[in-house]
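Visitor: heads up, no residue letters with this:
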């Protein structure tokens with residue numbers, strides 16, 4: 001039985017109860033984070049906390065000071081759950097909704113206390129940055145049909161879920177999204193990187209994509225090592241399909257190589273050498289953020 005956190009209390013997950021009138025349930029009115037950890041160490045806990053606070057500010061949810069130390073909540077859950085999740089690879093999910101109202105009404109209610117909920121769960125071991133062992137992903141592409149505020153890590157994930165489910169139902173790992181101008185934005189649950197003409201390229205941050213924490217760590221790791229040139233710029237769908245290498249990044253995937261897009265091989269169809277080098281760099285630096 002794992003231990004959860006709900007509104008200031010640690011308790012067995014089965015005992016964590018939330019009102020059906022909670023706006024997170026009725027409207028998806030909330031913000032969330034997933035913080036990975038390995039061997040009892042959080043990855044970029046402070047960066048996840050900062051993004052959580054930015055998201056809450058964007059949608060006008062004010063959380064009491066004692067409930068806003070997200071790193072402390074994550075560490076508290078980690079300490080309480082390592083015996084329950086003995087593989088030592090643990091994800092911490094933190095979810096803040098606007099809270100429970102007495103009626104269903106679209107406008108933000110006054111005087112409602114936010115609901116703060118978090119729990120721990122097992123995640124896959126950290127990937128070995130070895131191209132001979134890495135399994136390349138197969139992805140498809142689709143026009144992005146979600147809302148226009150994708151930079152907010154909202155709990156309203158139906159658009160992402162539908163894109164991901166389409167690939168999942170076809171036995172494909174992910175769906176890479178592009179906008180109406182044919183520019184790649186992100187994937188349904190990941191950020192996108194490509195190696196094009198000797199440069200590592202990733203779409204710039206704007207309202208069309210999430211400012212991923214793994215994206216941030218990888219960019220800074222690449223720049224710190226200085227082995228490769230990294231550019232944040234728009235990528236056309238045609239460029240992506242013609243890239244030498246393509247990778248996806250997320251807290252759960254870390255840095256995952258892609259070997260097939262829309263049933264066409266990426267580069268020579270195997271995990272690339274640049275991926276191996278930047279994946280090693282990511283693993284070297286990931287606990288320093």
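Guide: That came through, no problem. Owing to the predicted nature of the structure, the values given are computational and were not obtained by experimental measurement.
Visitor: where does the prediction get shaky in this structure?
Guide: Along the chain, the parts satisfying pLDDT under 70 run over 65-66.
Visitor: any idea how far residue 160 is from the residue nearest the centre of it?
Guide: Central residue of the chain (CA atoms, centre = their mean): residue 250, 4.6 Å from the mean position. Separation of residue 250 from residue 160 (CB to CB, to the nearest Å) stands at 12 Å. Where C-beta positions appear, they are placed from N, C-alpha and C, glycine not excepted.
Visitor: quick one: common contacting residues for those two?
Guide: residue 189 (CB atoms under 8 Å, 6 or more residues apart in numbering).
Visitor: re earlier: contacts only, for the nearest residue to the residue nearest to the centre of the chain once chain neighbours are set aside.
Guide: Of all residues not flanking residue 250 in the chain, residue 190 sits nearest, at 4.4 Å (CB to CB, 6 or more residues apart in numbering). For residue 190, the contact set (CB under 8 Å, 6+ apart) comprises 174, 212, 248-250, 253, 256.
Visitor: the nearest residue to residue 270 once chain neighbours are set aside and residue 131, how far apart?
Guide: On the basis of CB to CB, 6+ apart, the spatially nearest residue to residue 270 that is not a chain neighbour turns out to be residue 259, at 6.3 Å. The spacing between residue 259 and residue 131, counted by CB to CB, is 11 Å.
Visitor: just to revisit the earlier point, would you mind measuring from the residue nearest to residue 270 to residue 272?
Guide: 9 Å.
Visitor: for those two, indicate the residue with more neighbours.
Guide: residue 272 (23 against 20; other CB atoms under 10 Å).
Visitor: in contact with the residue nearest to that one when sequence neighbours are not counted, which residues?
Guide: Excluding the flanking residues, the one nearest residue 272 by CB to CB, 6+ apart is residue 245, at 3.8 Å. Going by CB under 8 Å, 6+ apart, residue 245 touches 194-195, 257-258, 266-267, 272, 274-275.
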